[in-house]
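[1] Sequence first, predicted model second:
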Amino acid sequence: MTSKLKEPTDCSNKTYSVCESTADSSSRVEEDGESDGPAVFMCGKCKLPIGDSLSWAGSDDERNQIMLKRISDNVVIGKEPFVSGTRKELGCLVVSLTCHGCGSDLGIVYISTPKHLDFKRSLFCFNVQSIESYVVGSPGQQMPDLDHENRPVTLEYQDTVEQQMTEIKSLAVIIGQRLLEIENNLQCSPAK
């Protein structure tokens, strides 16, 4: 089940999360009563995975960004740094993050920041509007009822198919041997 990533309201993710306060740049850790499985973050356009919650570094509600420490190879880091043009990020030197699959703009990496944005430096900051998330093992995910022809290949199903293939091969060998015996008997018998 793929769902649009919602803007965080309480700065909580998984069991523990780090929230950054832009007023005093202090960090706090909150404990969440529910423990969700790890989340996979994907490009909102082509759905390529770009990172996961195991590399979670925090979120910035004011700028509507999530921050990750590590990213996948599906994210292209821009070569040329540029000065951010937004008023809130005045004086920041950033590089863009784009999707390797579709070229969508996903976010930025802060190279140089003023003191009040130091907590973002060298983190991968993704725009929440540009990405989606998938929580592994989230409740409400169900396997659709599929007939045998449309059923996905699982390890159990693969074992069953391999066993059936072995039986079919054995049967084909036995039929082939019987045909050879019949042909030999026909060739050896006198012609009438």
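    Perfect, thanks for sending it.
[2] From now on I want contacts and neighbour counts done on CA atoms only, so please keep to that.
    Will do.
[3] Could you look up the SS state of the nearest residue to Ser59 once chain neighbours are set aside?
    With C-alpha to C-alpha, 6 or more residues apart in numbering as the criterion, Ser59 has its nearest non-adjacent residue at 4.2 Å, and that residue is Ile66. Classification of Ile66 by DSSP: H, G, I helix; E, B strand; the rest coil places it in strand.
[4] Ile66: what's it in contact with?
    Going by C-alpha atoms under 8 Å, 6 or more residues apart in numbering, Ile66 touches 57-60, 125-128.
[5] so where do the strands sit in this structure?
    3-4, 16-20, 27-31, 39-43, 49-52, 56-60, 65-68, 75-77, 82-83, 93-99, 105-112, 124-127, 131-135 (DSSP state E).
[6] same question for the longest one, mean pLDDT?
    Read it as strand 105-112. Per-region confidence: strand 105-112 scores 89 on mean pLDDT.
[7] Which other helices and strands does it contact?
    On a contact count with 3 or more C-alpha pairs under 8 Å, 6 or more residues apart in numbering; DSSP states H and E, strand 105-112 meets strand 93-99, strand 124-127.
[8] switch the cut-off to 10 Å
    strand 39-43, strand 65-68, strand 75-77, strand 82-83, strand 93-99, strand 124-127, strand 131-135 (3 or more C-alpha pairs under 10 Å, 6 or more residues apart in numbering; DSSP states H and E).
[9] pLDDT of the first one, averaged?
    Strand 39-43 comes out with an average pLDDT of 88.
[10] Return the residues in contact with the residue nearest to Leu123 when sequence neighbours are not counted.
    In this structure, Leu123 finds its nearest non-sequential neighbour in Lys69, 5.5 Å apart by C-alpha to C-alpha, 6+ apart. Contact analysis of Lys69 by C-alpha atoms under 10 Å, 6 or more residues apart in numbering lists 51-58, 122-125.
[11] Would you map out the domains in the protein?
    3-135, 153-186 (automatic domain parsing).
[12] most packed of the ones you listed?
    Greatest average neighbour count among these goes to domain 3-135 (a mean of 17), per mean count of other C-alpha atoms under 10 Å.
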